[in-house]
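Chemist: The sequence isn't on hand, but the structure is:
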């Protein structure tokens, strides 16, 4: 059977394809996931997230830990806030940041375990 799409390939397992298509998430959700991984594809942003996964840190302390300027931290925070990955706490003129969602911490931990070879199936 011809698939009828632009590739004109032959479909051999129509029942399996239907099962897969029923479970597949929407293209909009796939775009959101893709965008999240784009945010996480930057070394500095991942290091920031790991640094603030369990503690609030101010920009100055983050700059020291991560090894970039305060301006560099602020620039990265704009994107991390846009994607709701960090929360902030203000105390006077000081702003402190921490990872906002435990799923981000878990995702980074899972990827870390994966690259260490502990979850290769």
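Modeler: Received the coordinates, thanks. Quantities reported herein were computed from a predicted structural model and do not represent experimental measurements.

Chemist: Next, give phi and psi for residue 12.
Modeler: Per-residue torsions, residue 12: phi -100, psi -30 (degrees, to the nearest 10).

Chemist: how deep is it tucked in, by neighbour count?
Modeler: Residues lying near residue 12 (other CB atoms under 10 Å) number 8. (Glycine included, C-beta is placed from N, CA and C.)

Chemist: what's stretch 33-45 in contact with?
Modeler: Counting by CB atoms under 8 Å, 6 or more residues apart in numbering, stretch 33-45 makes contact with 46, 49, 66, 68, 72, 76, 79-80, 83, 85, 107-108, all of which sit outside it.

Chemist: Filter those residues down to the ones in helices?
Modeler: 46, 49, 66, 72, 76, 79-80, 107-108 (DSSP state H).

Chemist: Show me just the buried residues among these.
Modeler: Buried residues within those, counting neighbours by 16 or more other CB atoms under 10 Å: 46, 49, 66, 72, 76, 80, 108.

Chemist: Now do the contacts for the second one.
Modeler: So the one you mean is residue 49. Going by CB under 8 Å, 6+ apart, residue 49 touches 40, 80, 85-86, 99, 104-105, 108.

Chemist: next one: the fourth one
Modeler: With contacts defined as CB under 8 Å, 6+ apart, the neighbours of residue 72 are 44, 63, 66.

Chemist: before we move on, back to that, for the ones in helices among the contacts of stretch 33-45, give me TSV that also has distance to residue 93 and pLDDT.
Modeler: Listed next are the ones in helices among the contacts of stretch 33-45 as TSV, based on distance: CB to CB, whole Å; pLDDT from 0 to 100:
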residue	distance to residue 93	pLDDT
46	28	98
49	24	98
66	21	97
72	20	96
76	20	97
79	23	95
80	21	97
107	32	96
108	30	96
